[in-house]
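S.K.: Next come a sequence and a model predicted from it.
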Amino acid sequence: MKSRFSGSSRLFSSLIFSGLVGLLYLGCAPKGHDHSEKPSPTASPTKENPPPKENTPPKKEGDETEQENPPPKKNVLLTDEPIKTPTPGTDSKISKPKRPKKPAPSPEPIFDAAIHPERIETKLGTAGKIRIAVEFARGGQPTSISNLKFESDSVKGAATAPAADSASERQMLTCEQNNSTLDVSARIANQYYRVMGQYQIYVVKFSAVCGHDYRLQFDEESKGGQVLSIVETIERAKGRLAGEVGLEFWNERININYPARSNYYALGTVNITRGNQYEAVAHEIGHAIYELGGVGAFGLGVGTQSSVGSKVHFMDQCYSEELAYSEGWATFFASWLYLNPSDPDAHLTTIQTRRSPIQIENVPGDVCKGPASEWRVASYFWRLYDQTTTDRIRPYSFKEIWSSLTGHEVLTVRQAAALIEAHLAPTTEGKAAFSGLWRKVFLTK
Ligand SMILES: [Zn+2]
């Protein structure tokens, strides 16, 4: 079912959400925010890897590219500080936002930002072909990426297709004149997402000779390596979602801004400080998917007053139930993408908090109890999904959880649990199992 979050609803929900998450992350990320990590001391700024800068949109006439890093809006001020937990039954007081008209689609940025591999291995290949494999380093390990769509201006219209031996993770271009040199490039933009810095779309570029095979290698700390790690995460999300729930819901393009000053999602844009912190990237993409898929609403405690600037997003403390729901969903989404459901000690390691690693399977006992805990919300979803616990009568698929939630303007995990129980636990035995799971995760009734 298509939720009411599509179309015109999205901008306003984004505004609300941006007020919250934007401030949340602006306020806290530089001070050791949960989902963000400062570059390691070894990652000193270089020409290839400059220190994260906030995007300043170029002032061009007719440039309608949306604001990617909007200033805090005080009238939708929300906080990452522990907020008084609303008493049960007060959710209805949270005003449902009115949705203004959807803005016109933003045009493609005019300029590209070229990223070049640190190393290129080449060898003689097949006449009339250029085959390209791409790998980047993550956690020191070479990681292949096969989703880049290479093209060459010189052979416009030539067929581009994955090589027949897809195991080699190669892209193949056909070329007409053997031994001719071509400029080959892959733009990091498609109907689902685009990765940009300073309002320029990243493009992998190199020169290739027709009839040769190439292996492009990107270092972890280079801009290209960071961008490709982001691409891996969003392609993983796209692939997994396509397999579970289809991609019809993904009807607007997600912008990804890298490097940003902090990790947050606002106005259809995912802002990322470090591409290789892949679980944090997945968390922020999870917010975008939450919005596109209508997994929840954006009430999020609108009207809560607090000052900004001295806030730290402590994942072991309570927020509002509304904030905990959307944050917990995003953390569950990251877990779904990267953790093994058969791991009895599943935990996140690249969502950086002072509590890292974040054990998603077994929440430490000193974490805030109840449904205003992001950590416990994430764990609740995980324990519905994973293969190791006997919390419920069977493991539930991501699709079952998703289908129970989408389109219902869910505000809190209490509401989510009621929907999930209604959809997935029709029997008395099932209902008892769900109540037991709730008590076990939240340590409350
Ligand atoms: Zn978040």
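M.R.: On my side now, so go ahead.

S.K.: domain assignment for this structure?
M.R.: The chain breaks down by automatic domain parsing into domains covering 9-103+225-442, 112-222.

S.K.: could those domains go into a markdown table alongside distance to the ion and mean neighbour count?
M.R.: From N, CA and C alone the C-beta is placed, and that goes for glycine too. Putting the domains of the chain into a markdown table (distance: least, C-beta to the ion, whole Å; neighbours: other C-beta atoms under 10 Å) gives the following:
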| stretch | distance to the ion | mean neighbour count |
| --- | --- | --- |
| domain 9-103+225-442 | 5 | 20 |
| domain 112-222 | 18 | 17 |
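
S.K.: Now the weakest link among those domains, please, by mean pLDDT.
M.R.: Ranked by mean pLDDT, these bottom out at domain 9-103+225-442, which scores a mean of 74.

S.K.: mind listing the strands for the stretch 201-350 of the chain?
M.R.: 212-218, 254-257, 264-266, 269-271, 347-348 (DSSP state E, counting those that start in this stretch).

S.K.: So what are the sheet partners of the third one and their directions?
M.R.: Same thing as strand 264-266. In the sheet, strand 264-266 lines up against strand 269-271 (antiparallel) (DSSP bridges).

S.K.: Present the strands of the stretch 201-350 of the chain as CSV; the columns should include distance to Val410.
M.R.: Listed next are the strands of the stretch 201-350 of the chain as CSV, based on distance: least, C-beta to C-beta, whole Å:
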stretch, distance to Val410
strand 212-218, 39
strand 254-257, 21
strand 264-266, 18
strand 269-271, 21
strand 347-348, 23
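
S.K.: can you pull the contacts of Gln191?
M.R.: For Gln191, the contacting residues are Arg253, by C-beta atoms under 8 Å, 6 or more residues apart in numbering.

S.K.: quick one, phi psi at it?
M.R.: phi -70, psi -20 (degrees, to the nearest 10).

S.K.: from now on call the first residue 237
M.R.: Sounds good: first residue 237 from here, last item Gln427.

S.K.: Could you check how far it is from Ile521?
M.R.: 16 Å (C-beta to C-beta, to the nearest Å).

S.K.: same deal with Ala363?
M.R.: 41 Å.

S.K.: And Leu418, by the same measure?
M.R.: Between Leu418 and Ile521 the computed distance is 33 Å (C-beta to C-beta).

S.K.: And stretch 620-639, end to end?
M.R.: Using C-alpha to C-alpha, to the nearest Å, the end-to-end distance of stretch 620-639 comes to 14 Å.

S.K.: Need the contact partners of that stretch.
M.R.: Defining contact as C-beta under 8 Å, 6+ apart, one finds that stretch 620-639 is touched by 476, 480-481, 529, 531, 568, 572, 577-580, 582, 597, 617, 619, 656, 659-661, 663, 665-666, 669-670, 672-673, 676.

S.K.: Same check on stretch 349-361?
M.R.: 367, 370, 421, 432-434, 436-442, 445, 447-455, 458-461, 463.

S.K.: hmm, try it at 6 Å
M.R.: 367, 433, 436, 438-441, 447-455, 458-460, 463 (C-beta atoms under 6 Å, 6 or more residues apart in numbering).

S.K.: Stretch 658-673 too?
M.R.: Counting by C-beta under 6 Å, 6+ apart, 627-629, 632, 636, 640, 657 sit against stretch 658-673.

S.K.: now do 8 Å
M.R.: 616, 619-620, 627-629, 632, 636, 639-640, 653, 656-657.

S.K.: So which of these are in helices?
M.R.: Members of those lying in helices (criterion: DSSP state H): 616, 619-620, 636, 639-640, 653, 656-657.

S.K.: Farthest pair within these?
M.R.: Pairwise distances across the ones in helices among the contacts of stretch 658-673 (C-beta to C-beta) peak at 18.2 Å, for the pair Arg619 and Ser639.

S.K.: and the angle for the lengthiest helix in the chain with strand 448-454?
M.R.: Counting residues, the longest helix found in the chain (DSSP H) is helix 459-480. If you take axes from the mean of the first three to the mean of the last three C-alpha atoms, to 10 degrees, helix 459-480 sits at 100 degrees to strand 448-454.

S.K.: Who does Val431 form a beta bridge with?
M.R.: Ile492.

S.K.: can I assume it is in contact with Ile424?
M.R.: Yes: in this structure Val431 lies within contact range of Ile424 using C-beta atoms under 8 Å: 4.3 Å.

S.K.: okay, the contacts of stretch 658-673 in TSV with distance to Phe347 next?
M.R.: Converted to TSV, the contacts of stretch 658-673 look like this (distance: C-beta to C-beta, whole Å):
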residue	distance to Phe347
Tyr616	45
Arg619	47
Leu620	45
Asp627	51
Arg628	51
Ile629	55
Tyr632	46
Glu636	44
Ser639	41
Ser640	44
Ala653	48
Ile656	46
Glu657	51
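
S.K.: Quick check: the gap between the closest residue to Phe485 other than its chain neighbours and Val677.
M.R.: With sequence-adjacent residues excluded and distances taken as C-beta to C-beta, 6 or more residues apart in numbering, Phe485 is closest to Gly529, at 4.7 Å. Distance of Gly529 to Val677, given as C-beta to C-beta: 23 Å.
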